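*Asks:* my questions are about this predicted structure, shown below with the sequence.
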Amino acid sequence: MSLTKTEIVENLVKIGFNRKKAIQMLENLLEIIKRNLENGEDVLISGFGKFSIKNKKERRGRNPATGDDLILGKRKVITFNCSSVLRERFNKQG
């Protein structure tokens with residue numbers, strides 16, 4: 001099950017923010033994260049984790065439908081590494 005933006009807003013409303021302010025805060029936070037990643041900067045949220053951009057090299061691949069070989073071009077991907085605090089928290093629960 002995924003946590004949606006709507007559900008995040010609902011949780012912010014439950015703790016006392018009005019809906020309009022909660023939506024604005026969430027949108028602004030996501031925009032800050034996107035802008036920093038677009039600029040090639042890592043986003044570190046203490047106690048949660050780090051978002052960063054990794055460059056993938058060109059590589060050989062295969063079309064699963066036809067089995068034909070092909071070349072996958074260079075690209076950038078976003079990676080997330082959770083903090084040790086977060087990792088310990090969910091490992092204690094399971």
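*Replies:* Sure thing, it's come through.

*Asks:* ok, longest helix in the chain?
*Replies:* helix 19-38 (DSSP state H).

*Asks:* what residues of that helix count as buried?
*Replies:* Going by neighbour count (16 or more other CB atoms under 10 Å), the buried part of helix 19-38 is A22, I23, L26, L37. The C-beta positions use only the backbone N, C-alpha and C, and glycine is treated the same way.

*Asks:* so after the strand or helix carrying K54, what's the next helix or strand?
*Replies:* K54 belongs to strand 49-56 when elements are defined using DSSP states H and E. Beyond strand 49-56 on the C-terminal side, the first helix or strand identified by DSSP H and E is strand 59-62.

*Asks:* tell me which helix or strand comes right after that next one.
*Replies:* strand 69-72.

*Asks:* only alpha carbons, please: show that following strand as CSV.
*Replies:* Output in CSV follows, covering the C-alpha atoms of strand 69-72 (Å, rounded to 0.1, in the frame of the first residue of the first chain):
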residue,chain,number,x,y,z
ASP,A,69,19.8,-6.9,-28.2
LEU,A,70,19.7,-3.2,-27.9
ILE,A,71,21.8,-0.4,-26.3
LEU,A,72,20.3,1.5,-23.4
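
*Asks:* helices or strands up against it?
*Replies:* Packing partners of strand 69-72 (3 or more CB pairs under 8 Å, 6 or more residues apart in numbering; DSSP states H and E): strand 59-62.
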